[in-house]
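K.L.:
Test case, fold it:
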Amino acid sequence: MNQLGLSKKLNDVLKEELGDIPYKGVIVYFPKDTVTGKVNSPEDYNVLATIPLSSD
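P.N.:
Next comes the predicted model:
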């Protein structure tokens, strides 16, 4: 687990998707199953926003 509590696998997927651009944070939304109210899988996510390290 990293500081955000994301699994290493998900962290790797995000890194692959977002590249090596340095981000302070990533806001990730995990859609829940409408019947069970549970997240289907850690791979089922949407990146809502990224927070850049600096605004230059």
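
K.L.:
any chance you could map the helices in this structure?
P.N.:
Counting by DSSP state H, the segments of the chain that form helices are 8-18.

K.L.:
So which residues of it form strands?
P.N.:
Read by DSSP state E, the chain holds these strands, from start to end of the chain: 23-29, 46-52.

K.L.:
so of those strands, which one's packed in deepest?
P.N.:
Here the criterion is mean neighbour count by mean count of other Cβ atoms under 10 Å, and of the strands of the chain the winner is strand 23-29, at a mean of 13. Every residue, glycine included, has its C-beta placed from N, CA and C.

K.L.:
quick check: angle from that strand to helix 8-18?
P.N.:
Counting by axes from the mean of the first three to the mean of the last three Cα atoms, to 10 degrees, strand 23-29 points 110 degrees away from the direction of helix 8-18.

K.L.:
Against which helices or strands is strand 23-29 packed?
P.N.:
When contacts are defined as 3 or more Cβ pairs under 8 Å, 6 or more residues apart in numbering; DSSP states H and E, strand 23-29 sits against helix 8-18, strand 46-52.
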